[in-house]
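Student: Have a look; sequence and predicted model below, questions after that.
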Amino acid sequence: MADDMKPMDSEQLREYGHKMVDFIADYYKNIENFPVLSQVQPGYLRDLLPDSAPNHPESLQNVLDDVETKILPGVTHWQSPDYFAYFPLNSSVAGFLGEMLSAGINMVGFSWITSPAATELETIVLDWLAKALKLPDEFLSTGNGGGVIQGTASEAVLVVLLAARDQVLRRVGKDSIGKLVAYSSDQTHSSLLKACKIGGIHPENCRVLKTNSSSKYALPPESLSESISQDIASGLIPFFLCATVGTTSSTAVDPLPALGKISNSNGLWFHVDAAYAGSACICPEYRHYLNGIEEANSFNMNAHKWFLTNFDCSALWVKDRRALIQSLSTNPEFLRNKASQENTVVDYKDWQIPLGRRFRSLKLWMVLRLYGLEKLQAYIRNHIELARKFEELVKLDSRFEVVAPRTFSLVCFRVLPTGNNEERANSLNRELLEIVNSTGKLFISHTVLSNKYVLRLAVGAPLTEEKHVVGAWKTLQEKASSLLNS
């Protein structure tokens with residue numbers, strides 16, 4: 001059969017496609033049998049695979065056998081119900097079907113003419129999502145703004161930083177780039193600093209403002225005001241602020257209304273990163289965390305984190321799409337066409353870094369249609385309730401403490417120090433993390449808050465139930481007891 005595989009054939013696709021779907025379905029059915037965190041050593045795979053590609057075709061079954069015996073042992077299973085590390089990366093039946101359809105159509109939608117449906121569906125579905133989040137009308141495509149799907153939040157913050165940079169430099173002159181200053185907190189995602197590097201913002205002009213437990217690790221507005229005033233007095237040009245709704249370390253929420261007013265009064269581009277927690281804001285009881293978004297120039301959330309949309313699907317909205325287009329547009333002769341020249345269509349190539357782009361809106365469209373907002377809200381609420389239950393379990397054990405307020409579905413906790421020995425406590429929690437993850441029963445990650453080494457348990461995998469959260473806590477207790485008694 002392998003010798004007969006054609007580049008494309010509808011009947012072969014049907015036959016092999018069924019086999020692949022069966023393989024993937026069996027993977028999900030048995031996913032709890034795998035260690036959540038891969039237990040292999042660096043370089044393991046080179047010894048298992050040939051030095052060069054085969055000259056003659058192999059059978060699909062042989063390839064799938066190798067996936068099972070050689071690839072899956074080296075996979076960390078992000079879809080496992082016992083995966084609690086970093087932030088979730090959702091997969092779903094609807095998302096998978098959309099991804100499959102996108103792969104089947106397999107087009108490159110860099111401009112409207114290359115596939116009108118790809119451009120127009122993306123515009124429409126991001127308007128749907130903006131309305132579900134109750135974003136201001138300025139972010140809708142019916143005005144001067146609109147939405148675009150980026151690959152990741154890192155790409156989103158980069159493109160808006162470039163737009164903000166160029167907007168200012170057009171006013172003050174390109175030679176002033178060395179005076180531009182960007183602001184964030186010490187809890188802002190590291191992707192901002194990478195964006196600053198790419199954008200030519202001098203490292204010494206990246207202001208990383210300190211947070212602490214008294215502000216619940218949110219960015220204090222007074223710190224921002226003071227820093228901006230000092231920079232203006234020094235002849236520098238403040239131009240960009242990145243605030244966060246749901247920081248990576250502890251899901252802190254920056255005070256958007258106050259920060260937005262400071263940004264606007266000083267002429268800064270105000271970007272809001274809600275990569276993780278934005279999904280929760282479709283629930284009315286969590287929408288208030290976006291209060292102040294009306295002050296923002298741009299807003300981003302990752303549908304692939306906690307919105308049942310397979311990776312990659314990072315939604316970015318801007319109030320003024322012209323700023324992105326002016327910064328990122330190129331128009332070589334070979335891409336010119338009547339619709340683009342007449343300015344009657346959107347060409348998303350001008351809203352992003354690469355030229356090529358996949359039909360990503362299909363999977364988000366399917367998720368919204370096949371689940372509906374009410375079911376998506378219930379999905380989010382369930383994870384938040386499971387995290388609340390885990391938090392209560394931690395509080396019931398006097399050997400542990402909750403280190404930061406639980407806002408969404410992340411719990412930050414640690415084993416308490418004995419005799420106020422913080423160095424020993426940090427070492428103990430670091431060791432507990434390694435031991436727990438090496439069991440393969442669960443996977444959690446860590447952060448550092450106020451010089452404390454803190455364990456993070458983020459609930460958000462689609463298959464996670466209460467029994468998995470309780471099981472994770474029992475493993476943590478058991479391993480902590482062994483460490484404390486040793």
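Tutor: Done, it's in.

Student: elements contacting the helix or strand hosting Met301?
Tutor: For Met301, the host element (DSSP states H and E) is strand 298-302. Counting contacts by 3 or more C-beta pairs under 8 Å, 6 or more residues apart in numbering; DSSP states H and E, strand 298-302 is packed against helix 153-172, strand 269-273, strand 314-318. C-betas here are computed from N, CA, C, even on glycine.

Student: As a check, name the ranges of all strands in this structure.
Tutor: Assigned by DSSP state E, the strands in the chain fall at 146-150, 180-185, 206-209, 237-244, 269-273, 298-302, 314-318, 400-402, 410-415, 445-449, 452-458.

Student: isn't Leu428 right next to Val415, touching?
Tutor: Yes. If you go by C-beta atoms under 8 Å, Leu428 and Val415 touch, sitting 5.4 Å apart.

Student: how about the helices and strands packed on strand 298-302 in a markdown table, adding mean neighbour count, mean pLDDT and distance to Lys375?
Tutor: Shown next, in a markdown table, are these (neighbours: other C-beta atoms under 10 Å; pLDDT from 0 to 100; distance: least, C-beta to C-beta, whole Å):
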| stretch | mean neighbour count | mean pLDDT | distance to Lys375 |
| --- | --- | --- | --- |
| helix 153-172 | 21 | 97 | 25 |
| strand 269-273 | 27 | 98 | 26 |
| strand 314-318 | 28 | 98 | 19 |
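
Student: for these, which one sits closest to Glu122?
Tutor: Closest of the helices and strands packed on strand 298-302 to Glu122 is strand 314-318, at 9.7 Å (criterion: C-beta to C-beta).

Student: And the closest one, what does it pack against?
Tutor: helix 116-132, strand 146-150, helix 153-172, strand 298-302, helix 303-306.

Student: partners of it, with directions?
Tutor: For strand 314-318, the pairing partners within the sheet under DSSP bridges are strand 146-150 (antiparallel), strand 298-302 (antiparallel).

Student: Could you give the separation of the first one from the chain centroid?
Tutor: The one in question is strand 146-150. 14 Å (C-alpha atoms, centre = their mean, to the nearest Å).

Student: check contacts around Gln377.
Tutor: Ile282, Cys283 (C-beta atoms under 8 Å, 6 or more residues apart in numbering).

Student: What distance do you get for Gly200 to Pro417?
Tutor: 44 Å (C-beta to C-beta, to the nearest Å).

Student: Give the residue from these two that has the larger number of neighbours.
Tutor: Pro417 (17 against 12; other C-beta atoms under 10 Å).

Student: that older thread, okay if I get the helices and strands packed on strand 298-302 as CSV plus distance to Gly292?
Tutor: Output for these, formatted as CSV (distance: least, C-beta to C-beta, whole Å):
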stretch, distance to Gly292
helix 153-172, 17
strand 269-273, 8
strand 314-318, 15
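
Student: Can you pull out the low-pLDDT segments for the stretch 251-400 of the chain?
Tutor: Across the stretch 251-400 of the chain, nothing is flagged by pLDDT under 70.

Student: quick one, helices of it?
Tutor: With DSSP state H, counting those that start in this stretch as the criterion, the stretch 251-400 of the chain has helices at 256-265, 303-306, 321-328, 338-341, 361-396.

Student: picking up where we left off before, compare the strands of the chain and report which one is nearest to Ser215.
Tutor: Nearest to Ser215 among those is strand 180-185 (9.2 Å), distances taken as C-beta to C-beta.

Student: of all the helices of the stretch 251-400 of the chain, which lies closest to Ala94?
Tutor: helix 361-396 (4.0 Å).

Student: before we move on, the earlier item: send me the strand holding Met301 as CSV with only the CA atoms.
Tutor: C-alpha atoms of strand 298-302 as CSV (Å, rounded to 0.1, in the frame of the first residue of the first chain):
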residue,chain,number,x,y,z
SER,A,298,-4.9,47.6,21.4
PHE,A,299,-6.1,44.4,23.2
ASN,A,300,-5.0,40.8,22.9
MET,A,301,-6.2,37.4,24.1
ASN,A,302,-5.2,33.9,23.2
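
Student: Run the angle between it and helix 116-132 for me.
Tutor: 100 degrees (axes from the mean of the first three to the mean of the last three C-alpha atoms, to 10 degrees).

Student: before we move on, the earlier item: of the strands paired with strand 314-318, flag the one that's most buried.
Tutor: By mean neighbour count, with neighbours taken as mean count of other C-beta atoms under 10 Å, strand 298-302 ranks first of the strands paired with strand 314-318 at a mean of 29.

Student: distance between that one and the chain's centre?
Tutor: Mean C-alpha position of strand 298-302 versus that of the full chain (C-alpha atoms, centre = their mean) differs by 10 Å.
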